[in-house]
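Novice: Below are the sequence and a predicted model for it; my questions follow.
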Amino acid sequence: MAKHYLMTPGPTPVPEEIRNEMAKPMIHHRTKEYQAIFKDATEGLKKIFKTSGDLFTFTSSGTGAMEASIVNVLSPGDKIIVVRGGKFGERFGDIAKAYGVEVVPVDVEWGDAPKPEVIRETLEKNPDIKCVYTTLCETSTATVYDIKAIGEVVKNTNALFIVDVISGLGADRFENDAWGVDIAICGSQKGLMIPPGLAFCTVSQKAWKAVETSKLPKFYFNFKKYKKSYDSTDTPFTSAITLMIGLKKAVEAINAKGIDNVIAEHEKMAEAFRQACKAMGLSVFSKHPSSAVTGINAPAGINADDIIKLLKTEFEVTFAGGQDTLKGKIFRGAHMGGIDIEHIIESIKALEQALIKLGYKFKAGSGVETAKKILGV
């Protein structure tokens, strides 16, 4: 059977040792055995977030945690800033509006990053802002934001700083506590190397004060329920047991290397992928490219979706396409989570062959040669 290379920015490949761990016989979640797994996974995950605060796990996609970050700290009529530089920044605004929260948008050109001074000016013009919502890696544009700099702006206000790190965690540099993040949101299927189905929220002491006054409706995503249960090493609702077993194995592997070393590996793979594409005469879409995923502009006269289709059907390589106005214009290759050096080399090799088949002219082999040189293989 031919090997398939999944190069999408979630879900990412699940390493064999994690798959084997999740294949073990099912256990019951209301037992000491599961509680030990749950506690180890949570405490290990805190090291990856770089937080000493609370961290809660939901059985949901990352969007569930995004919703949790809104319903637990806000009330009807509250006003928030939402940085909109792609589909996932826009999603925060959509969720907030569904709950009657007023959104003050900070719109950023797709592929660019927000300027901290613009957020400062927006806060000064709107002193009643309750929260600032943004992303670490805007997946749809493969762009990383300067969360540290934005955190410096927000920490001097009464507003909470809430960050979607769903794609970026474990690939782009992130420090929850040191950068003044009050709630960070993540999902399981990207840098954490396990299947979709788990979502996470960190919660700071500053955020807890807002929880006490929040009047938006909430039940399943209620932070207070999760806090009460976690203090007894338990969960308020049925856990995704198999996924938690996989998470424990994944965070152990990451922490054994050290999160900073893991991020350095991602940075190197990202650089290899980007430089390989440039060697083929292709260009990077983002002005601030992420170490989790890279967006590449399709060559003139070639639809990016045709490249993606050919790679999948003939070369067993799956890239992601552009979204919204970028559909057909860019393709996105990830270098996060379970994606390794073999994935990078083989996907570039396949990309070269696909481009040749589509009539694109470049020096054959230049991409693979460049990637191998950077990766030292």
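Specialist: Structure's in. What do you need? Residues are numbered from 1 along each chain as shown.
Novice: Tell me which stretches of the stretch 251-377 of the chain form strands.
Specialist: 283-284, 293-297, 317-318, 320-321, 330-334 (DSSP state E, counting those that start in this stretch).
Novice: and among these, the most buried is which?
Specialist: Greatest average neighbour count among the strands of the stretch 251-377 of the chain goes to strand 330-334 (a mean of 29), per mean count of other Cβ atoms under 10 Å. In short, each C-beta sits where N, CA and C put it, glycine included.
Novice: hmm, who's touching that one?
Specialist: If you take Cβ atoms under 8 Å, 6 or more residues apart in numbering as the criterion, strand 330-334 is touched by 7-10, 12, 139, 142, 273, 285, 292-298, 304-305, 307-308, 319-322, 347.
Novice: all helices in the stretch 51-200 of the chain, in order from the N-terminus.
Specialist: Per DSSP state H, counting those that start in this stretch, the stretch 51-200 of the chain carries helices over the ranges 62-71, 87-98, 116-125, 147-154.
Novice: With respect to burial, which of those scores highest?
Specialist: helix 62-71 (a mean of 24).
Novice: tell me the average confidence for that one?
Specialist: For helix 62-71, the mean per-residue pLDDT is 98.
Novice: closest to residue 212 out of the strands of the stretch 251-377 of the chain?
Specialist: Distance to residue 212, taken as Cβ to Cβ, is lowest for strand 293-297 among the strands of the stretch 251-377 of the chain, at 37.4 Å.
Novice: How far does the closest one sit from its chain's centre?
Specialist: For strand 293-297, the separation from the chain centroid amounts to 15 Å (computed by Cα atoms, centre = their mean, to the nearest Å).
Novice: List the pairing partners of it within its sheet, with orientation.
Specialist: Partners of strand 293-297 in the sheet, by DSSP bridges, are strand 283-284 (antiparallel), strand 330-334 (antiparallel).
Novice: about what we covered before: just so I know, which of the helices of the stretch 51-200 of the chain lies nearest residue 105?
Specialist: Nearest to residue 105, of all these, is helix 87-98, at 6.5 Å by Cβ to Cβ.
Novice: okay, the angle between that closest one and helix 62-71?
Specialist: Interaxial angle, helix 87-98 versus helix 62-71 (axes from the mean of the first three to the mean of the last three Cα atoms, to 10 degrees): 50 degrees.
Novice: Can you work out which other helices and strands pack against helix 87-98?
Specialist: helix 62-71, strand 79-84, strand 102-107, strand 129-135, strand 160-164 (3 or more Cβ pairs under 8 Å, 6 or more residues apart in numbering; DSSP states H and E).
Novice: and among the ones you listed, the most buried is which?
Specialist: Of all these, as judged by average neighbours under mean count of other Cβ under 10 Å, the leader is strand 160-164 with a mean of 27.
Novice: For the stretch 51-200 of the chain, give me the ranges with low pLDDT.
Specialist: Residues of the stretch 51-200 of the chain meeting the criterion pLDDT under 70: none.
Novice: Turn the strands of the stretch 251-377 of the chain into CSV, including mean pLDDT and distance to residue 89.
Specialist: Shown next, in CSV, are these (pLDDT from 0 to 100; distance: least, Cβ to Cβ, whole Å):
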stretch, mean pLDDT, distance to residue 89
strand 283-284, 98, 20
strand 293-297, 98, 15
strand 317-318, 98, 25
strand 320-321, 98, 17
strand 330-334, 98, 16
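Novice: what's the nearest residue to residue 192 if we skip its chain neighbours?
Specialist: Using Cβ to Cβ, 6 or more residues apart in numbering and skipping residues adjacent in sequence, the residue nearest residue 192 is residue 250, 5.4 Å away.
Novice: before we move on, the earlier item: in PyMOL, select just the buried ones from the contacts of strand 330-334.
Specialist: Buried residues among these (16 or more other Cβ atoms under 10 Å), as a PyMOL selection:
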select buried, resi 7+8+9+10+12+139+142+273+285+292+293+294+295+296+297+298+304+307+308+319+320+321+322+347
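Novice: re the thing from before, ok, which of the strands paired with strand 293-297 comes nearest residue 222?
Specialist: Of the strands paired with strand 293-297, nearest to residue 222 by Cβ to Cβ is strand 330-334, at 33.0 Å.
Novice: For residue 246, which of the helices of the stretch 51-200 of the chain is the nearest?
Specialist: helix 62-71 (16.4 Å).
Novice: what does that closest one rub up against?
Specialist: 56, 58, 91-92, 95-96, 99, 101, 133, 162, 164, 166, 183, 185-187, 199-201, 214, 216-218, 221, 223.
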